[in-house]
Each structure stands twice: as C-alpha cells, then as structure tokens.
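J.: Attaching a predicted model along with its sequence, questions to come.
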Amino acid sequence: MPNLAFVKRRQGVVLFAGLCVLAGILVAGTVAPAAIGAGLLSNQVSDSVDAISARLAAADLPLTTTVTDRDGTPIATLYAQYRLPVTAAGIATTMKAAIIAIEDRRFYTEGGVDLQGMLRAAVNDSAGGALQGASTITQQDVKNYLINVVDRTDPAAQQADREDSLARKLREAKMAVELNNTMSKDDILANYLNVVEFSGTVYGVGAAAKAYFGTTADKLTVPQAALLAGMVNNPTVYNPYTHPGKALQRRNLVIDDLVTNGSIPASYAATAKAAPLGLLPDGPVTPSGSCLGAAPDAGFFCAYAESYLVHAGFTADRLATGGYTVKTTLDPRVSQVTKDAVDTNVPTTQDGVANTFAVVQPGQDGHQVLAMVANRDYGTDPDRGETSTDIVADTSNEFGAGSSFKIFTSAAALVSGKAGLDTPLPNPDSQCFPGPDAHSSCYTVHNDGHYADPITLADGLATSPNVAFVGLESQVGMPAVLDMADKLGLRNTLATNDAGRTPDPESGNPQYSEPQSQYFRNLLSFTLGNSPVSPLEMANVSATLMSGGVWCPPNPILSVTDRNGNAVPVRQQACERVIPAGVADTLEAGLSKDTTSGTSAQAAHAAGWTRPDIGKTGTTQLSESVAFVGGVDDYAVSSMVFADGPHPREICPGTPVHLGSCGHGAFGGTVAAPPYFHAMSQLLAGVPDRPIPAPDPAYLAARS
C-alpha cells in the first residue's frame, strides 16, 4: 500500500507544475515563452510563499474576550471580529454540503487547487479579460486567512491579498496545495467556515448561526445553511437584513445546487425554497463588542478593567482578539446595591447631576475594587443619561471633593509631628494667609459657620472648618501635603492638570501645562478640594487608611486566562507602606466622629445608621460638587455628587437632587452621604459591628 503522505506530496508537485504551465500560457500565450514565464513566476512565488507561510503560522485566529464578575458571570464581550469557533464535528452536515455546493463541488476530490477549473479560467483570461476565479475552498481559506487574520490591521496588505494578478493567484494556489498536504479535508472546511466573513463584524459560521438565527452551527437547517453559504460570496450584497430579496434569490440558488450535487432530494427543494428567511428581528444580533454593552451596574467597572489591563501591557487590539477570559473583582451584590442607592438618590434622567460611587476592599496584600457605579449608565446616548466617559475612575469630577482633602493635610501633620489628634488649631472666622513670596497677595479664607477657636484636629475633622486646616497646611508645607495625597492614593489625579486632563506644556498656563502635583506647590487652596479628582482614587485613599497605612493599586482583576485556559500574568504595582500604622489608626479614629457628631450625623440619624465607621464630607465653594469619603467593615467608599452638564450650577438637596439657585445648596453630609448609608445598611445587615482602631498615643499631641 503506498504511503499516503508521499502520494499527497507527489500530487502537490504535479499540481503546482501544472499551475506553472498554466501561468506560462497566461503570461505569453505560446508554448516556448510559457516555459520561461512559468519558471520566473515559480521562483517569485516560492520566495513569497515561504515568507507568507511563516506569517500564517504565527497569526492566531481573532477570538472574543469575555469579561466576567468575580463569580464568573459574563458582564461584557470584547471583540474586533465576533467569532465563535467550532470544530468540524460541530458544523451541521447541511452547512458543509451547502458551502461545497455553491463554492467548490469537487472539494473532496481535488488536491487543493482545481486544474480543470483553472484551465477553463486560463482560456478565458488569455482572451484578454480579467482573471477569473476557479478558486477552491482551500484557496479561499488561504485568502480569507490572510485578509481577515494575518493582515486585518493593514489595509494595504489586504489590498495586495485581493490583487487581481497572476502572481497572487499562483501564490495562493501553491499555499493551498501545501495546506491540502498537511490538513484533512474536514479540517480545511471547518477552518474556512471559521474564518470567513458573514457581514459587518460577524465572522465564522458559529457566530453567524447565533447572530442570524439564534441557533448553533450544528443545528442549522437546509434553508438556514443555504442562506449563510450564499452570503460568503459577497456579504454586503447578500446581507439578508439590508437586501432580503437578493439574499432570498441567492439562498434558493444554493438549494438548487444542493439538489444538483445530490445532497438533498429534488422533492424537498420546493419546501426549502418556500421557507421564510427566519431571521432574528433587528439583527444580526451580536454583543456590543465593548464595555458599552455591559449591564448598567458594570459598564464603568468594565471600562476601568480594560484600561487597567492596557496599562499593564495588554494592547486594546490584543484584548479584542486574544480570546481571553478576564475574571474581575466586581462583586455583583455590592455593585447592584450601590447602583440602586445612587439611582434612588439622583435618578439617571436627572439633567446635569451625576452621582458616582466606588467601593474598594482594604487589605495589606491588595485593594480589590468591588463596585464602580453611577446614576449615569456607561453608554453613548446622553438623552438617556448615558456617558462614554468613565466618570468613576477618571478625573471627570472637575469641581473636586471639597473638604475631604483635609485628610491629606491631617495625615501630613501627624507624620511630621506638626499636630496630633488633640492639638488645638487656631481657627478664627477668617484669616489672610501669606503667599509664597513677598510679591504675592495673601490668601483669605473664611469659615462657613461658627466654630470653636481654637479647635482640636479631631473636632476639626468632624466639623470641617476651613481656616484651621488652611493654617495647618501652611504650617506643614504644601510639598508635604501633596506628597501625602500622592502616597495615600491620588496618584493618577495628581498627574493630571487642573482641568483633569493630561498636562499640555504648550498651553503656557500653569493651570493646564503642569500636573496638579506641581501646580498646587504654592497654593493653599488644595486642602479645600476644589480641583479635579478621581472618585475611585478617593475610595482607595480610605482603603489605604483602613489597611493600616498600606497603599495598593485599586485592582479590578482576579485573573486572566488565554484561549487555551492557561493563566496569563498581569503586571501591577506592588503594595507599599506609605504611613506608619499608628498614623493610619489615629487618623481613622479622628475620622470616626463624622457620622455621630459631625457633618453627616443628621443624615446618619435619618437613615438609622449606628455602625462605627470613618467618614469625611466635602463641599466645594459653590456647591457644584459634594462628597462623602469613608468606610465601614471591609468597604472603603467614595460617594460624589457633582454637576456634570454643560451648564453647571449649584446642586440643591431634595427629591430629587437637582441643579438650581436654591441659596441653601447641597453639602456632602446631606446629599453625598445618604447613598452610603442606604447601600451599607443593606450590605451589612446581620453582620456584627467592627470597631474602629484606637488612636496611637504617640500621635495625640504635636511633637515638633
């Protein structure tokens, strides 16, 4: 019995020799020059085939990436080409028969190329017309793999892959012969049906079956298979949603070819042709392909997870084509409860008012992000209250977090020894603080209300007088305060300019040309929190304190596995101790009065809130942004309500919260804190109270 591999190789040599003769006929039209032309073409083709074959071998089929919550439930599908690959056994016999009937009737008997067909095409082409097809399914597989996989991001290369030239045809044919020698016919057919485009972003028969009919490739009926097989010739012209008449005619032609090929009985053809197209309505029905298609409580989280992976070394294209499974840290219960809380506080349709809410789990080995929600949904329709900006992660709150920034001044004072928790701070109703040099005017600060003078740092954290903290900031020094803000968590925030964007050195205006870490070096207004800030990073500031002074990046990723189920490492910054544990404990103790006797106590009482927790509210000068930053148990949070429309105004409390000129604008305690009480009461129902750490005696009094 002859060796099958040897026979296939010998057939391949004979086939390619025949192709070269045909090439010569096309080149010159006479026998003698044909041999010369064929030889030259053969050398050129062989050289280019070797290079392309290497690229083919290195190119992975683009697959969809699935993003899930921590329980493994999908929250989004990312892709550049919507493809659900299937094996040969997973494709219905009807589909195989239909594609063979319309595209390549001699598929199972030819050797990768069809010399009979090419001879017929050669005769026609030699008459001066354009090169005709005669491409086998194997050749089409090569061509489609080049266009849709290898060169999918290179339009010029794709154009070359489609070039109507003899050299391209021969190169494609030689590669088809090689493919035929190394793969079974069934695998070649399956590979072709996995690669081919069916229209738009739908690629492969698995995705097409689901997108057009809501079924799987192994269950395709004769009419369904015939429709899909007819589309591959020209997915645009035969798109059944945009050109149903042409698609129907093409489908019925395939059914006739199935009869001719003996794949279905003639008696069944009329029934198959009478069947409606049977498409899913408003299709093809596919996932959105990005985080914009995530559930309302998961969109911002998904966008942050994608951005996090890009910063960790994944490219956006790699994520969209790698076939990964990305398991995130999103806790579905925490996410849904917090989403309900912000939607109750500020309805999604409320014009011009956003309410973001971020939850981070503290820990000295990592800070997992549990939820990132807003009353806005992540989307592209502003009329429905949607936004395509990640307002939870980005520095999109341009008005700031108000007096919650006093946390940084307090931490810097404790570390430097300039003040302790019990240290009395000068606190007149107003004070003018000297500028950084003799030529600067003084910075005048007023308290909003009446406070003790002096006031302890602990009481100041609860009641938030401005004068006491600007004075403390002046004493500690701006470099130390800004450095502390960076250490505790505002790393990306401080890298943006004072518009919340990437610094623009060309602007000439320090407000826009410098990062906030530089711009505020001589501006005492920093502690009043009137600059752009990331809500997520503010939640991570609380997580740093609740982790005993250990900062970790706010991490949204539990694991990434590749298309083969192998773990993929994700690079991230290491956790680091940024303040002594005693300082963290002392500052937590200092922040523990806010919900009992401080600025959010009234809202806490109204909500029936009695748990030990930490909190700091913030309100910007014109009440265009208010915040509550704190935490309880294993939840570090930030809740921020801010004007996010084109015409920002004062935020007014009420049902619902709204923009206006109310004269008694919102405060962090009255508007930003209620969603915190609402959500945490549900999440911690039945869970015993966890006490706040006691202050470290070493940080109760000033030491310098």
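T.: Sure thing, it's come through. Numbering: from 1, shown residues only.

J.: how close does Asp377 sit to Pro74?
T.: To Pro74, Asp377 is 18 Å away according to C-beta to C-beta, to the nearest Å. (C-beta placed from N, C-alpha, C; glycine too.)

J.: contacts for stretch 136-146?
T.: Residues outside stretch 136-146 that contact it (C-beta atoms under 8 Å, 6 or more residues apart in numbering): 52, 56, 59, 99-100, 103-104, 106-107, 110, 112-114, 117, 135, 157-158, 161-162, 172-173, 175-176, 179-180, 188-189, 191-192, 195-197.

J.: List buried residues within those.
T.: Buried by 16 or more other C-beta atoms under 10 Å: 52, 56, 99-100, 103-104, 107, 110, 112-114, 117, 135, 158, 161, 172-173, 175-176, 179-180, 188-189, 191-192, 195-197, out of the contacts of stretch 136-146.

J.: Neighbours of Pro693, how many?
T.: Pro693 has 18 neighbouring residues, counting by other C-beta atoms under 10 Å.

J.: list the contacts for it?
T.: Ala584, Asp585, Glu588, Ala589.

J.: now those residues as JSON lines including pLDDT?
T.: Output for the contacts of Pro693, formatted as JSON lines (pLDDT from 0 to 100):
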{"residue": "Ala584", "pLDDT": "98"}
{"residue": "Asp585", "pLDDT": "98"}
{"residue": "Glu588", "pLDDT": "98"}
{"residue": "Ala589", "pLDDT": "98"}
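
J.: Between which two of these is the distance greatest?
T.: Greatest spatial distance among the contacts of Pro693 (C-beta to C-beta): Ala584 and Ala589, at 9.8 Å.

J.: Neighbour count for those two, which is higher?
T.: Per other C-beta under 10 Å, whichever of Ala584 and Ala589 has more neighbours is Ala584, with 25 against 20.

J.: And for His664, the neighbour number?
T.: 10.

J.: tell me the phi and psi of it?
T.: Backbone dihedrals for His664, given as degrees, to the nearest 10, come out at phi -140, psi 70.

J.: same deal with Tyr519?
T.: Dihedral pair for Tyr519: phi -60, psi -40, per degrees, to the nearest 10.

J.: where's it relative to Ile188, distance?
T.: 62 Å.

J.: tell me the mean pLDDT over stretch 326-335?
T.: Mean pLDDT, stretch 326-335: 98.

J.: Using CSV, write out every CA atom in that stretch.
T.: This file holds the C-alpha atoms of stretch 326-335, laid out as CSV (Å, rounded to 0.1, in the frame of the first residue of the first chain):
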residue,chain,number,x,y,z
VAL,A,326,-10.9,38.2,32.2
LYS,A,327,-12.3,37.5,35.7
THR,A,328,-12.7,40.8,37.5
THR,A,329,-13.1,41.6,41.2
LEU,A,330,-16.6,43.0,40.6
ASP,A,331,-18.9,41.8,43.4
PRO,A,332,-22.4,41.6,41.8
ARG,A,333,-24.3,42.1,45.1
VAL,A,334,-22.2,45.1,46.1
SER,A,335,-22.5,46.5,42.6
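
J.: and it, which residues are buried?
T.: Neighbour-count burial for stretch 326-335 [16+ other C-beta under 10 Å]: Val326, Lys327, Thr328, Thr329, Leu330, Asp331, Pro332, Val334, Ser335.

J.: Now do the strands in the stretch 301-450 of the chain.
T.: 325-328, 353-361, 367-374, 377-378, 386-387, 424-425, 430-433, 443-446 (DSSP state E, counting those that start in this stretch).

J.: do you know which of those lies nearest Gly660?
T.: strand 353-361 (10.3 Å).

J.: who does the closest one pair up with?
T.: The strands beside strand 353-361 in its sheet (DSSP bridges) come out as strand 367-374 (antiparallel), strand 635-643 (antiparallel).

J.: can you list those strands in CSV and add distance to Arg611?
T.: CSV is the format used below for those (distance: least, C-beta to C-beta, whole Å):
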stretch, distance to Arg611
strand 367-374, 18
strand 635-643, 11
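
J.: Output the ones you listed as a markdown table; include the columns mean neighbour count.
T.: Putting these into a markdown table (neighbours: other C-beta atoms under 10 Å) gives the following:
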| stretch | mean neighbour count |
| --- | --- |
| strand 367-374 | 29 |
| strand 635-643 | 30 |
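
J.: all strands for the stretch 101-250 of the chain, in order.
T.: Along the stretch 101-250 of the chain, counting by DSSP E, counting those that start in this stretch, strands occupy 197-199, 202-203.

J.: Quick check: end-to-end length of stretch 694-704?
T.: 23 Å (C-alpha to C-alpha, to the nearest Å).

J.: from the chain's centre, how far out does it sit?
T.: 45 Å (C-alpha atoms, centre = their mean, to the nearest Å).

J.: again, but for stretch 383-396
T.: 14 Å.

J.: Quick check: buried residues in that stretch?
T.: Neighbour-count burial for stretch 383-396 [16+ other C-beta under 10 Å]: Gly385, Glu386, Thr387, Asp390, Ile391, Val392, Ala393, Asp394, Thr395, Ser396.

J.: closest to Val550 among those residues?
T.: Nearest to Val550 among the buried residues of stretch 383-396, with distances taken as C-beta to C-beta, is Ala393, at 21.2 Å.

J.: ok, the closest one - contacts?
T.: Per C-beta under 8 Å, 6+ apart, neighbours of Ala393: Phe300, Ala303, Tyr304, Ser307, Met372, Ser534, Pro535, Leu536.

J.: what's around the last one, how many residues?
T.: Meaning Leu536. 28.

J.: Also the second one?
T.: By other C-beta under 10 Å, the residues close to Ala303 number 25.

J.: Cys291 is in contact with that one, correct?
T.: Yes. Between Ala303 and Cys291 there is a contact under C-beta atoms under 8 Å: 4.5 Å.

J.: I'd like the distance between the residue nearest to Pro505 when sequence neighbours are not counted and Ser531.
T.: Of all residues not flanking Pro505 in the chain, Ser513 sits nearest, at 5.2 Å (C-beta to C-beta, 6 or more residues apart in numbering). Distance from Ser513 to Ser531, counting by C-beta to C-beta: 15 Å.

J.: Who has more neighbours out of these two?
T.: Under the criterion of other C-beta under 10 Å, the comparison of Ser513 against Ser531 puts Ser531 first, with 28 against 16.
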